[in-house]
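K.L.:
only geometry, no sequence info:
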């Protein structure tokens with residue numbers, strides 16, 4: 001069950017930066033998807049950590065969408081990843097099945113217990 005929730009949170013985070021209403025189309029068009037070959041295991045682990053931290057933001061109904069997105073980007077920055085890189089990774093993961101599988105493997109590796117799902 002924990003793994004299923006974490007995977008759902010990861011899927012949500014893939015769309016969140018792209019759906020941000022405070023991100024202008026001009027700014028978004030400047031961020032390109034990361035080259036899948038350039039994405040390190042460390043970046044995948046950082047991405048998953050940020051997504052799992054942001055899950056609490058998604059569950060907090062008192063936060064506005066803008067506050068959730070700001071929290072997501074702040075979590076990325078706190079983990080040493082720029083907001084632009086986070087968005088670039090989100091875009092690449094959304095487009096590349098191999099990256100999606102790497103993210104899923106990282107999620108499974110980070111969720112304590114409940115390996116059965």
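P.N.:
Structure received. Not measured: the values here are computed from a predicted model. Numbering: from 1, shown residues only.
K.L.:
Look up how far residue 112 lies from residue 102.
P.N.:
Separation of residue 102 from residue 112 (Cβ to Cβ, to the nearest Å): 20 Å. Where you see a C-beta, it was placed from the backbone N, CA and C, and this is true even at glycine.
K.L.:
Who has more neighbours out of those two?
P.N.:
Ranked by neighbour count (other Cβ atoms under 10 Å), residue 102 and residue 112 place residue 102 first, with 20 against 6.
K.L.:
Show the contacting residues for that one.
P.N.:
39, 41, 44 (Cβ atoms under 8 Å, 6 or more residues apart in numbering).
K.L.:
Pretty sure residue 48 sits against residue 110.
P.N.:
Yes - between residue 48 and residue 110 a contact is recorded at 5.9 Å, counting by Cβ atoms under 8 Å.
K.L.:
Tell me which of these two has more neighbours.
P.N.:
Neighbour count, other Cβ under 10 Å: between residue 48 and residue 110, residue 48 has more, with 25 against 14.
K.L.:
before we move on, which element is the more buried one in?
P.N.:
Using DSSP states H and E, residue 48 falls within helix 41-59.
K.L.:
Of the contacts of residue 102, which is the most crowded?
P.N.:
That'd be residue 39 among the contacts of residue 102, by other Cβ under 10 Å, with 21 neighbours.
K.L.:
if I pick that residue, what's in contact with it?
P.N.:
Listed by Cβ under 8 Å, 6+ apart, the contact partners of residue 39 are 89, 92, 99, 102.
K.L.:
where does it fall, phi/psi-wise?
P.N.:
Dihedral angles of residue 39 (phi, psi; degrees, to the nearest 10) stand at phi -80, psi 120.
K.L.:
State the pLDDT value of it.
P.N.:
pLDDT recorded at residue 39 is 95.
K.L.:
separation between it and residue 110?
P.N.:
Going from residue 39 to residue 110 by Cβ to Cβ gives 17 Å.
K.L.:
what's the neighbour count on residue 109?
P.N.:
Neighbours around residue 109, by other Cβ under 10 Å: 10.
K.L.:
Many thanks, have a good one.
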